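Q: curious how this folds, go ahead:
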Amino acid sequence: MRLEPLYQQDKEQAKLEGQLEGIKQGERLVVENLLQVRFGSLDNELQAIIEPLLALPPVEFTPLLMQLSREELITRFG
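A: A predicted model of the protein is given here:
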């Protein structure tokens, strides 16, 4: 049995997983920055809504972050 194809497959999978993790980290930074710019700081209530927001695709969470008030965001995602 040749191990080279398996090694290449594992290598590609690890590369894709690393890229996906980088994208998720980037999205998290965008959400944190938008919240901080809009509301001044990231208190515990705002930090608590980050994960639920990130469950949405960026095309959905971005307008919500731009349009909803602090209270609306916390009510919807808290």
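Q: can you tell me the SS state at residue 2?
A: With DSSP: H, G, I helix; E, B strand; the rest coil as the basis, residue 2 sits in coil.
Q: should've said residue 42
A: coil.
Q: list the contacts for it?
A: Residue 42 makes contact with 32, 35-36, according to C-beta atoms under 8 Å, 6 or more residues apart in numbering. (Each C-beta comes from the backbone N, C-alpha and C, glycine too.)
Q: and the host helix or strand of residue 73, what does it pack onto?
A: Per DSSP states H and E: residue 73 is located in helix 70-77. Using 3 or more C-beta pairs under 8 Å, 6 or more residues apart in numbering; DSSP states H and E, the elements in contact with helix 70-77 are helix 44-48, helix 50-54, helix 58-67.
Q: output those helices as TSV; include the columns mean neighbour count and mean pLDDT.
A: As requested, these are exported to TSV (neighbours: other C-beta atoms under 10 Å; pLDDT from 0 to 100):
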stretch	mean neighbour count	mean pLDDT
helix 44-48	13	96
helix 50-54	16	96
helix 58-67	13	94
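Q: now the ones you listed in a markdown table, with distance to residue 73?
A: Below are those laid out as a markdown table (distance: least, C-beta to C-beta, whole Å):
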| stretch | distance to residue 73 |
| --- | --- |
| helix 44-48 | 8 |
| helix 50-54 | 8 |
| helix 58-67 | 7 |
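Q: wait, which of those is closest to residue 13?
A: Between residue 13 and those, the shortest separation by C-beta to C-beta is 22.8 Å, and it involves helix 50-54.
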